[in-house]
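> Here is a sequence together with a model predicted from it:
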Amino acid sequence: MILILAIYIALLSFSVSKFAGNKRHRWMHSGYMTAFLLPFLVYAIFMGVIAPIVQAGIGVSFFGFIFAVATLVNGLAFLYIGYASKKLREE
(Lines give C-alpha, C1' and ligand atoms only; values in the text may rest on other atoms or scores of the structure.)
Protein backbone atom coordinates (compact mmCIF):
# COMPACT_ATOMS: atom_id res chain seq x y z
CA MET A 1 0.00 0.00 0.00
CA ILE A 2 2.93 2.32 0.64
CA LEU A 3 4.16 1.80 -2.92
CA ILE A 4 0.71 2.72 -4.25
CA LEU A 5 0.71 5.85 -2.07
CA ALA A 6 4.15 6.84 -3.36
CA ILE A 7 3.10 6.34 -6.98
CA TYR A 8 -0.11 8.33 -6.35
CA ILE A 9 1.79 11.27 -4.83
CA ALA A 10 4.43 11.16 -7.60
CA LEU A 11 1.78 11.19 -10.33
CA LEU A 12 -0.12 13.99 -8.62
CA SER A 13 3.03 16.10 -8.22
CA PHE A 14 4.14 15.45 -11.81
CA SER A 15 0.74 16.32 -13.28
CA VAL A 16 0.41 19.54 -11.26
CA SER A 17 3.95 20.66 -12.10
CA LYS A 18 3.31 20.07 -15.82
CA PHE A 19 -0.05 21.85 -15.66
CA ALA A 20 1.09 24.81 -13.58
CA GLY A 21 4.47 25.45 -15.20
CA ASN A 22 5.83 28.87 -14.24
CA LYS A 23 2.54 30.58 -13.46
CA ARG A 24 1.81 31.46 -9.84
CA HIS A 25 -1.96 31.56 -10.16
CA ARG A 26 -2.03 28.02 -11.56
CA TRP A 27 0.08 26.75 -8.66
CA MET A 28 -2.29 28.44 -6.20
CA HIS A 29 -5.42 27.09 -7.91
CA SER A 30 -3.91 23.61 -8.06
CA GLY A 31 -3.02 23.86 -4.39
CA TYR A 32 -6.52 24.89 -3.40
CA MET A 33 -8.09 22.10 -5.45
CA THR A 34 -5.63 19.51 -4.15
CA ALA A 35 -5.76 20.60 -0.52
CA PHE A 36 -9.45 21.30 -0.03
CA LEU A 37 -11.39 19.30 -2.63
CA LEU A 38 -9.40 16.21 -3.56
CA PRO A 39 -8.95 14.70 -0.03
CA PHE A 40 -12.72 14.39 0.42
CA LEU A 41 -13.05 12.81 -3.00
CA VAL A 42 -10.22 10.35 -2.28
CA TYR A 43 -11.75 9.37 1.06
CA ALA A 44 -15.21 8.97 -0.51
CA ILE A 45 -13.78 6.74 -3.24
CA PHE A 46 -12.06 4.58 -0.65
CA MET A 47 -15.20 4.27 1.46
CA GLY A 48 -17.75 4.03 -1.32
CA VAL A 49 -15.95 1.94 -3.91
CA ILE A 50 -13.06 0.03 -2.39
CA ALA A 51 -14.63 -0.85 1.00
CA PRO A 52 -17.54 -2.89 -0.42
CA ILE A 53 -15.18 -4.76 -2.76
CA VAL A 54 -12.70 -5.91 -0.10
CA GLN A 55 -15.21 -5.88 2.80
CA ALA A 56 -12.73 -4.45 5.28
CA GLY A 57 -14.30 -1.21 6.46
CA ILE A 58 -11.88 -0.24 9.22
CA GLY A 59 -8.75 -1.02 7.19
CA VAL A 60 -10.01 0.77 4.11
CA SER A 61 -11.10 3.71 6.24
CA PHE A 62 -7.62 3.95 7.75
CA PHE A 63 -5.85 3.84 4.39
CA GLY A 64 -8.40 6.24 2.89
CA PHE A 65 -7.62 8.66 5.70
CA ILE A 66 -3.86 8.21 5.11
CA PHE A 67 -4.29 8.91 1.39
CA ALA A 68 -6.48 11.95 2.16
CA VAL A 69 -3.92 13.38 4.60
CA ALA A 70 -1.09 12.80 2.10
CA THR A 71 -3.16 14.59 -0.56
CA LEU A 72 -3.83 17.48 1.83
CA VAL A 73 -0.13 17.86 2.66
CA ASN A 74 0.73 17.75 -1.03
CA GLY A 75 -1.86 20.44 -1.76
CA LEU A 76 -0.49 22.65 1.00
CA ALA A 77 2.96 22.25 -0.55
CA PHE A 78 1.54 23.40 -3.89
CA LEU A 79 0.02 26.43 -2.16
CA TYR A 80 3.36 27.22 -0.56
CA ILE A 81 5.10 27.03 -3.93
CA GLY A 82 2.49 29.34 -5.45
CA TYR A 83 2.66 31.95 -2.73
CA ALA A 84 6.34 31.87 -1.78
CA SER A 85 8.16 31.47 -5.07
CA LYS A 86 9.44 34.71 -6.55
CA LYS A 87 10.70 33.08 -9.75
CA LEU A 88 7.23 32.26 -11.01
CA ARG A 89 5.50 34.69 -13.33
CA GLU A 90 2.38 36.51 -12.26
CA GLU A 91 -0.24 36.90 -14.96
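Perfect, thanks for sending it.
> List the contacts of the residue nearest to the spatial centre of the chain.
The residue lying closest to the centre of the chain (CA atoms, centre = their mean) is Thr71, at 3.1 Å. Thr71 is in contact with 9, 12, 34-35, 38-39, 42, counting by CB atoms under 8 Å, 6 or more residues apart in numbering. To be clear about C-beta, it is placed using only N, CA and C from the backbone, and glycine gets the same treatment.
> which parts of the helix or strand hosting it are buried?
Using DSSP states H and E, Thr71 sits within helix 57-84. Of all the residues in helix 57-84, those buried under the rule 16 or more other CB atoms under 10 Å are 60, 63-64, 66-68, 70-72, 74-75, 78-79, 81-82.
> Closest one to Met28 out of these, please.
Gly82 (3.7 Å; CB to CB).
> Could you report the neighbour count for the nearest residue to the closest one once chain neighbours are set aside?
For Gly82, ignoring the flanking residues on the chain, the nearest one in space by CB to CB, 6 or more residues apart in numbering is Trp27 at 3.3 Å. Trp27 has 24 neighbouring residues, counting by other CB atoms under 10 Å.
> Pretty sure Phe78 is one of the things Trp27 touches, is it not?
Yes. Contact status for Trp27 versus Phe78: in contact at 5.8 Å, counting by CB atoms under 8 Å.
> ok and the strand or helix carrying Ser30 relative to helix 57-84, angle-wise?
In the assignment (DSSP H and E), Ser30 maps to helix 24-36. An angle of 160 degrees separates the directions of helix 24-36 and helix 57-84 when computed by axes from the mean of the first three to the mean of the last three CA atoms, to 10 degrees.
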